[in-house]
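Colleague: my questions concern the predicted model and sequence given below.
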Amino acid sequence: MSNTYRTLSQHLNDLKKENFSLKLRIYFLEERIQQKFEDSSDDIYRTNIELKVEVESLKQELQEKQQLLDKALTTAESLTNHNEAELQRRCGERQQEIDHMQQVLESKIQILQEEAQLARNEAERMASLAESHSQHPSVTMETVPKETSGDSSPQPDEDADRERIEQLSAALCCKERLIQELTEERTDLRQRVRLMEEQLQQLSASLLQKERDAQFYQEELGRERLRVQQEMQSLMEEQQSQLHQYERAAGQCVAELQKAQLQVESLQSQIHQSETSNKKLQEKVCDMESELLSIRQAAQNQQRTIQNLTDSLRTKDTETQELYHVIEDQNNTLCKLTETHQQQLQYTQAPEGAVDSGSLPPHSSLFSCQLELEASHRNHRLTQRRLEDLTRSRDRLQADLQDSQQHRETTHKHNQDLREMLEQLRSELQVKACALRDREAATRSEITDRDETIAQLQQSLRRKDTLLQEYSELLNRSSDSSGASERDALLHALRSRIRDRDAALERSIDEKFHCLEEKDDEVRRLQLVLREKDRDLERLRCVLNNTNDTITGLDALVRSKELELERTLETCRKLEWMKQQSDEKHTLAVRERDGVIQRLQTALHTHSKETEELRSVLLGKVSAADVLQELQAHLSMKERLFQEVMSDRSRQLQEHHKQLSELLDTISTRDQDMKDYGERLGRVISERSGQLQELRRQLTSREQELQDVNRERERDVSAARELQRLQNLLKEKDSFIQELLQGQSETLSSTAAAQAVCTSSSGEQEIQAIRDELQLTLKKQRETERELSELRSLLAAGHHDTLSSDQQCVLQQLVSEQRTLNEALRAEKSLYQSLRRVQSQADSSEKTRALHEQLDSLQALREQLEETLARSRETALAVDRATLVQADYGESSSDEDEEDPDSSSSEEFTDSIEDDDIKLTAQSLTSTQKAEEYDRPVMSQNASEGRRCDEAEQRNRDKCEMVEVTVQADDSSLAHVRNTLHEEREALNRRQPGLGVDEEPSVRSRGLEKHETDRRNSHEPQKVYRTFLEEEEEEEYDDEDGEEGEDVRAAKGKRGPPCVKLREGRWKRRCTRPHSLDLGALLSHTPAAPHTAQ
């Protein structure tokens, strides 16, 4: 089940990766579509179809993987059932075997018990016989000195009975041992049976647990399937919502390439430093390990010596015990001899002593023979023990030698293999390094080519900007002098050039994105190559570390083995020397013993001769007093000899005790030395471990410092790039503002031409061109708003860090650029005033009125642009305040924004346009927007002016809905929407001539409002990302809007201005940036604009 779960998790990870790649593809495709909105929709449909096909293929793969999971579950269940059957069968077989063994053992135990009973009976019978026989020898022992040598016949019978009794007792002991062994085996078997039963219970419990686990895993698999399905659905739904998060990927990839190169260089330097530090640390560790190994070897050798000494002590203890036994035996024999000597003396006093004097020589000979036998047995035992000790030491040495030889062979082979692997890895590293160099050179060349193309494009743009400025100057100069025909020709030429410029810009943008995609692919490839290289380097490091560790370990082992060999050789030599000394001591003791035995034999011979002489003298009727004196002299001589022998033995025992005490002293000194050495080693090891920990801490701190430095560098680089991008965008906005000024000059020339010619068709075409330009400006403004929102998010993300000097410079540049924009807007205002003077001199008509409305809407657009720029400045100042007050960020920012909205706005608008007309028009625009938001019923009352107007509005809405369907399929069909709305307006003018000009903008504004709201609502789920700073700004904007809404409510009691319908989706969620200007709302607001301006 665990394997199936792992496979399931692996499949889920693969699906997530594929989903991520699909999201990236969808993001790049949509980005292309947004940039190429004027192209045909066939490519969009094709890409959508391809994406749907890929989604279906992924769903099919999911179904196949689910089928595989079901199969795995069925196989796991079958295996569990099969395992249960096998376990039951094995348990039955084990139970049968156990029963059979129990029966066999019980039968054997009964047989042995019967044999033991028989043996006991026989032993009791033989014991009774032995007791009956033991009474007779006591009687015979009292009559032995009186009987002759022919009366010693019952002794062999008694010896035979004793031997029989000993044999029977030995057999009894054997039987009892067998009975005990069988009983122990029986108990062991019972214990085994119990263990088997416990194992059976455990197996049954484990089977139940496995069944429960299988059920649990099945439930979990069902849950996982549901969860996977839900995740797939959520992932498919989140693909569209997460598209805006991948907008930064294209710009970041090039930056990541440079970062990756810098990181590669820094990593290489770090790798070299870490390799050097690792080598030093490895050398230190190797030294420590070698020291530890030598210490361990010394400890092992000392333990071996201690074991040898303990063995020798045990042998000496056994020898001393044997000597004590021998001394006791000799004492017993001496006692017996003294008793026999006294008996002999008594016998000599008796008259029959002459007959029994012949029994003394065999006693002395028996005594000497017993002494010799005991000495020979003792020597034999000593030699056997020494031989056993020597064989043990020899076996140990041979085993150590064999182990060391085998280990040396294996280490040699392993070293050869590691050297071959190192050579292979070095060759592979060289090949990969060459490939990386080639790729880096290719990428550098491509980057240089791209930079050259970008520079060429920038030069061409600058030339075009200069040409446009020249043309605008020419138009301004020729507006007073030249006629309408020349102006029309110049306008046509300028429009053609503008179209050519737009086409060139689109081509350059396409080429730029194509280059960016290629660079992204190259960056990904390089990242993969870098990852592979890093993995290879890590593997090589691991292999090198392992090889170095193995080499050092093997060298240390070889050294230790050589030291052990030397020590074992020295111990062998010492043992041989000790053996020689023990042999010499043994020979000396044997010689001394032989000398003592010879003295005793000579004394016995002399004693026997003296007894014979005494007997001969007694036979020759010599007095008994002389014989007693001679016997006493001989006894005194024997006692002296015995005392001398005992003194020699005591002296030898004292020497042996001295040697034992010396050995114990040496062992205690060695133990003390070992303890001191161990303590010193512990201290050294603790000190080295502390040094290693300090080195590791230093390494970690250095790595953290490097990471912090790299992060700061990355932040600085990213901030610089963002600032450069913002500067470029502001430059582009300047160029677009210049284009708008040129367009205004063109509109002035077109109005003059319209007044001169007085044709309706030319006026409508000019108005259409003005609307197209306004739509372009709206798009550019939206792009600027997006970029401002990104800037706010970046500033909110970095509100914890203090602003650097570079960022302050960038903010100063932004302020200066805002001032230039304000100056441009002042120029626009002067142009507007001149246009109004021209229009006031001319005759007023419907076309001039429509033109005034368009110009007022353009002025409102400029005012909203100023408002967005002022709000961007507010965000920058809020970021400054947030960086100064980091602890109470949320409270201080909210309080300051709530307390001083008017003061901040007043301070920020001091640099902008402060004329009364602009302020009044901005207030009218905001008042109309808030009035529509708070008073929808008033809008419906003002909008419905009759049944005919409602029908016309309904038709127009239906047609606008049809247009919206096409807009949702393709965002690039706005021009088609404008044409259809224009046609609808003309049809309404034809059908309803009585409605007048005032109703046309309302109808047109409603269609555009609905289209704009639907389009915004379709894109709203993709813009959920919000920062904390933007929420605070929205609260400020909501407070201001609430105050203005109350003012509008108070004003509407007197007079209700026409309602301007902005986005309906605003009430669904709070916007994260300022509103973009809606063209329909401005067009619907144009009749009331002059009144509000006044």
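Modeller: Received it, and whenever you're ready, just let me know what you need.
Colleague: who are the packing partners of the one helix or strand Lys280 maps to?
Modeller: Using DSSP states H and E, Lys280 maps to helix 249-349. In this structure, helix 249-349 makes packing contacts with helix 2-35, helix 353-356, helix 360-481, helix 484-619, helix 624-757, judged by 3 or more CB pairs under 8 Å, 6 or more residues apart in numbering; DSSP states H and E. Placement of C-beta: from N, CA and C, glycine included.
Colleague: quick one, which of the ones you listed gets closest to Tyr324.
Modeller: helix 624-757 (9.0 Å; CB to CB).
Colleague: ok so, going back, among the helices and strands packed on helix 249-349, which gets the worst mean confidence?
Modeller: For those, the weakest mean pLDDT is recorded on helix 353-356, namely a mean of 42.
Colleague: pretty sure Ile109 contacts Glu184?
Modeller: No - contact between Ile109 and Glu184 fails when scored by CB atoms under 8 Å: they sit 11.2 Å apart.
Colleague: more crowded one of these two?
Modeller: Each of Ile109 and Glu184 has its neighbours counted (other CB atoms under 10 Å); Ile109 has more, 16 against 10.
Colleague: for the more buried one, give its distance to Asp159.
Modeller: Going from Ile109 to Asp159 by CB to CB, to the nearest Å gives 37 Å.
Colleague: with Val285 instead?
Modeller: Distance of Val285 to Asp159, computed by CB to CB: 77 Å.
Colleague: neighbour-wise, which of those two wins?
Modeller: Ranked by neighbour count (other CB under 10 Å), Val285 and Asp159 place Val285 first, with 16 against 10.
Colleague: what residues are up against the spatially closest residue to that one that is not a sequence neighbour?
Modeller: Distances taken as CB to CB, 6 or more residues apart in numbering put Leu692 closest to Val285, at 7.8 Å, once the chain neighbours are dropped. By CB atoms under 8 Å, 6 or more residues apart in numbering, Leu692 lies in contact with 281, 284-285.
Colleague: for those, give me a markdown table that also has pLDDT.
Modeller: Putting the contacts of Leu692 into a markdown table (pLDDT from 0 to 100) gives the following:
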| residue | pLDDT |
| --- | --- |
| Leu281 | 78 |
| Lys284 | 78 |
| Val285 | 76 |
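Colleague: looking at those, which is nearest Glu732?
Modeller: Closest to Glu732, out of all of the contacts of Leu692 and judged by CB to CB, is Leu281, at 56.1 Å.
Colleague: which ones are touching that closest one?
Modeller: 692, 695.
Colleague: swap in Glu518?
Modeller: Applying CB under 8 Å, 6+ apart to Glu518 gives the contacts Glu446.
Colleague: one more time with 10 Å
Modeller: Contact analysis of Glu518 by CB atoms under 10 Å, 6 or more residues apart in numbering lists 446, 450.
Colleague: again with Leu557
Modeller: 293, 297, 403-404, 407-408, 411.
Colleague: over to Glu291?
Modeller: Glu291 sits next to 556, 681, 684-685, 688 when contact means CB under 10 Å, 6+ apart.
Colleague: and if you look at Glu703?
Modeller: Going by CB under 10 Å, 6+ apart, Glu703 touches 270, 274.
Colleague: and the gap between it and Val543?
Modeller: Taking CB to CB, one finds Glu703 at 23 Å from Val543.
Colleague: with Gln632 instead?
Modeller: 97 Å.
Colleague: ok, those two, which is more surrounded?
Modeller: Of the pair Gln632 and Val543, Val543 is the one with more neighbours under other CB under 10 Å, namely 14 against 11.
Colleague: ok, and the closest non-adjacent residue to that one?
Modeller: Met421 (6.4 Å).
Colleague: pretty sure the one you found sits against Thr547.
Modeller: Yes - counting by CB atoms under 10 Å, Met421 touches Thr547, with 8.1 Å between them.
Colleague: the two: which is more packed in?
Modeller: Between Met421 and Thr547, Thr547 has the larger neighbour count (other CB under 10 Å), namely 17 against 14.
Colleague: residue contacts, the more buried one?
Modeller: 414-415, 417-419, 421-422 are the contacts of Thr547 under CB under 10 Å, 6+ apart.
Colleague: just the buried residues of stretch 292-303, please?
Modeller: Residues of stretch 292-303 classed as buried: 293, 295, 297-298, 301-302 (neighbour count, 16 or more other CB atoms under 10 Å).
Colleague: closest to Leu172 out of these?
Modeller: Gln302 (48.7 Å).
Colleague: how far away is the nearest residue to that closest one once chain neighbours are set aside from Gln300?
Modeller: Spatial nearest neighbour of Gln302, excluding adjacent residues (CB to CB, 6+ apart): Met674 at 5.9 Å. Counting by CB to CB, the gap from Met674 to Gln300 is 11 Å.
Colleague: picking that back up, out of the contacts of Leu557, which end up buried?
Modeller: The neighbour-count test (16+ other CB under 10 Å) marks 293, 297, 404, 411 as buried among the contacts of Leu557.
Colleague: tell me the domain ranges of the chain?
Modeller: Under the assignment automatic domain parsing, the domains of the chain span 2-142+156-247, 259-462+532-709, 756-1093.
Colleague: lovely, talk soon.
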